[in-house]
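In: sequence plus the predicted model coming up.
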Amino acid sequence: MPRSARLVTVAALLAGGLVLVACDSGASGGSGARRGAASVGDPYFPKAGNGGYDVSHYGLTLSYVPDGNRLTATAVVTARATEDLSAFDLDLLGMKVEEVRVEGESAEFRRDGQELIVRPSETLADGRTFEVRVRYSGSPLTITDPDGSQEGWLRTEDGVLALGEPTGSMAWYPGAHHPADKASYDVAVTVPKGLTAVSNGELRGQRTASDGRTTFFWHTAEPMSSYAATLAIGRYTVTTSTMGDGLPAYVAVDPSQAAASRAVLARLPEVMRWAQDSFGPYPFSSVGAIVDRPPDVDYALETQNRPVFPGAPDMETLVHEIAHQWFGVSVTPKSWRDMWLSEGLATYAEWVWKEDEGGATAEESFTALYDHGTDRFEDLWDFPPAKPPGAAYISDPPVYQRGAMVIHRIRQALDDDDAFYDLLWGWAAAHRHGAAGTDDFTAYVEKQAPDVDFDEIWTDWLYGEGRPPRP
């Protein structure tokens, strides 16, 4: 599911009221250094991400008090300059920034909407690895997307759930919030007595102070897009286990959803075995789930290592979000225009699961959707999956359902299931922990099957307007 940002302007001149004229304009100084770009130019979220550097690691130290929705935090961002930088931007919406230091030295900074503009005390040379420390606090914002859904910092009955697709993570920590810029994470979260803090990766430990407040230490070694980062704070029933192949699993369920979730979550090992048979080796070092209350969130999301569910999931939703760990989380869309690559493949995984469970075959699912899809999805043929008309449409049925139909058309064209599953394995392996776009995918498919003509699929099904001719 995608989420996007309603921009809330929070302008402040700090650090003694200094106006960074050269930095703001992007003009270069005598050394040729300049401010990095304020975005990466995403076609649907033009303010997302930042230019001039690549992030390699986020170290977040957070302390949260639900009463008053108060977050006190320090973010340490490690990055490598990709050009000579006199200044650079971090995405951070809301929150009060109290101090910024670059390489241990105090840095000038100012705010411009979601941009935190930082000017270090000296130029950062192209290729240099540097560390930015941001100390900040406040009440993180809930963001309303163009499609009306909510992301960012979602208050729950007993805490909070932080979700980031597509840009909501900028509500609770500064960074380069675009899917193409991935990093490892260490997250230390301190919460009041009786609450649990769940994030991505593996729980490395927890420590309880004399006042009952507990700090949870989470580590994510594999690269992660900020949209796949999560933080859940509340009263959870936690189950830890080990899959048959030794993969650790951490499942956190709101007690009100425990009974209803038990049967489906018990099949997680089975789903993982099936997914690895279908898509290749699992790309991460742990797995799990977070199940919250339906009133607290109204969509599932493929957060890395442990997807989030709005209440007890059904089997199709569990399969969809687990498939996303390969398609969408490990192989991330290069831009939000490429959303169909994530959602189409995850939706197709649901079809294959039904087929392998003895239900409708993928061919039957495709035919039923072609013949009767508008009975359920009135806008199924409104636009092609690779060309949503705007940010408000990237989670609409043409992206999900018609995206899955593109994948099935490829399977039909190959006319060889071994070749088809080899293609899925190869795609997941070729871009493991990276980002890829639609052009990358079509080129990959054509290279894998040079004797097959895919032009009609690309023209009519991927990019064509209206309902394509019956295949």
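Out: Yep, that arrived. Here the structure is a predicted model, which means the values were calculated and not measured. Numbering: from 1, shown residues only.

In: low-confidence ranges in this protein?
Out: Residues of the chain that meet the criterion pLDDT under 70 lie in 1-31.

In: give me that answer again for 50
Out: Along the chain, the model assigns pLDDT under 50 to residues 1-30.

In: spell out the residue ranges of the helices in it.
Out: When assigned using DSSP state H, the helices of the chain occupy the ranges 21-25, 258-265, 268-279, 315-323, 339-356, 362-376, 397-414, 417-430, 438-448, 455-456.

In: for Ala197, find the nearest of those helices.
Out: For those, distance to Ala197 was read as CB to CB. The smallest value, 18.8 Å, belongs to helix 258-265. Just so you know, the C-beta spots here come from the backbone N, C-alpha and C atoms, and that holds for glycine as well.

In: mind listing what's buried in stretch 412-425?
Out: Of the residues in stretch 412-425, those scored as buried under the neighbour-count criterion (16 or more other CB atoms under 10 Å) are 413-414, 420-421, 423-425.

In: what sits up against that stretch?
Out: 278-280, 345, 363, 410-411, 445, 448-449, 452-454, 457, 471 (CB atoms under 8 Å, 6 or more residues apart in numbering).

In: which of those are buried?
Out: Buried subset of these (neighbour count, 16+ other CB under 10 Å): 278-280, 345, 410-411, 445, 448-449, 454, 457.

In: minimum distance to Leu163: which of the helices of the chain has it?
Out: In terms of CB to CB, the element of these nearest to Leu163 is helix 315-323, at 12.7 Å.

In: what is the orientation angle of the closest one with helix 339-356?
Out: With axes from the mean of the first three to the mean of the last three CA atoms, to 10 degrees applied, the angle from helix 315-323 to helix 339-356 works out at 130 degrees.

In: tell me the buried residues in helix 315-323?
Out: When neighbours are counted by 16+ other CB under 10 Å, the buried residues of helix 315-323 are found to be 315, 317-323.

In: what of stretch 129-143?
Out: Buried, per 16+ other CB under 10 Å, within stretch 129-143: 130, 132-134, 136, 138, 140-143.

In: could you do stretch 426-442 as well?
Out: Judged by neighbour count using 16+ other CB under 10 Å, the buried positions of stretch 426-442 are 427-428, 431, 435-438, 440-442.

In: hmm, back to that, can you redo the buried residues of helix 315-323 as CSV with distance to Leu161?
Out: Converted to CSV, the buried residues of helix 315-323 look like this (distance: CB to CB, whole Å):
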residue, distance to Leu161
Met315, 23
Thr317, 17
Leu318, 18
Val319, 22
His320, 19
Glu321, 15
Ile322, 19
Ala323, 22
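
In: quick check: the farthest pair among those?
Out: Those two in the buried residues of helix 315-323 that are separated most widely, counting by CB to CB, are Met315 and Ala323, at 12.3 Å.

In: dump the residue contacts of Pro384.
Out: Applying CB under 8 Å, 6+ apart, the residues near Pro384 are 398, 402, 461-465.

In: pull out the buried members of these.
Out: Of the members of those, the ones counted as buried by neighbours, 16+ other CB under 10 Å, are 398, 402, 461-462, 464.

In: ok, Asp292 touching Val308?
Out: Yes - taking CB atoms under 8 Å as the contact criterion, Asp292 and Val308 are neighbours in contact, 6.8 Å apart.

In: anything in contact with each of these two?
Out: Taking CB under 8 Å, 6+ apart as the contact definition, Asp292 and Val308 share the neighbouring residues 161, 232.

In: that older thread, farthest-apart pair in the buried residues of stretch 129-143, please.
Out: If you compare every pair in these using CB to CB, the most distant one turns out to be Phe130 and Thr142, at 32.0 Å.

In: buried set for stretch 221-232?
Out: Neighbour counts using 16+ other CB under 10 Å place 222-232 of stretch 221-232 among the buried residues.

In: and for Ser184, the neighbour number?
Out: Ser184 is surrounded by 17 other residues when neighbours are defined as other CB atoms under 10 Å.

In: find the nearest non-adjacent residue to it, please.
Out: Counting by CB to CB, 6 or more residues apart in numbering, His57 is the residue found nearest to Ser184 once chain neighbours are left out, at 5.0 Å.

In: show me what contacts that neighbour?
Out: When the contact criterion is CB under 8 Å, 6+ apart, the partners of His57 are 76-78, 183-186.

In: filter those to the buried ones?
Out: With neighbours counted using 16+ other CB under 10 Å, the contacts of His57 contain these buried positions: 77, 183-186.

In: how about these in CSV, adding distance to Leu380?
Out: Putting the buried ones among the contacts of His57 into CSV (distance: CB to CB, whole Å) gives the following:
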residue, distance to Leu380
Val77, 42
Ala183, 37
Ser184, 39
Tyr185, 38
Asp186, 43
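
In: can you tell me which of these is nearest Met95?
Out: Val77 (14.6 Å).

In: show me what contacts that closest one?
Out: If you count contacts by CB under 8 Å, 6+ apart, Val77 has them with 55, 57-59, 90, 131-134, 174-175.
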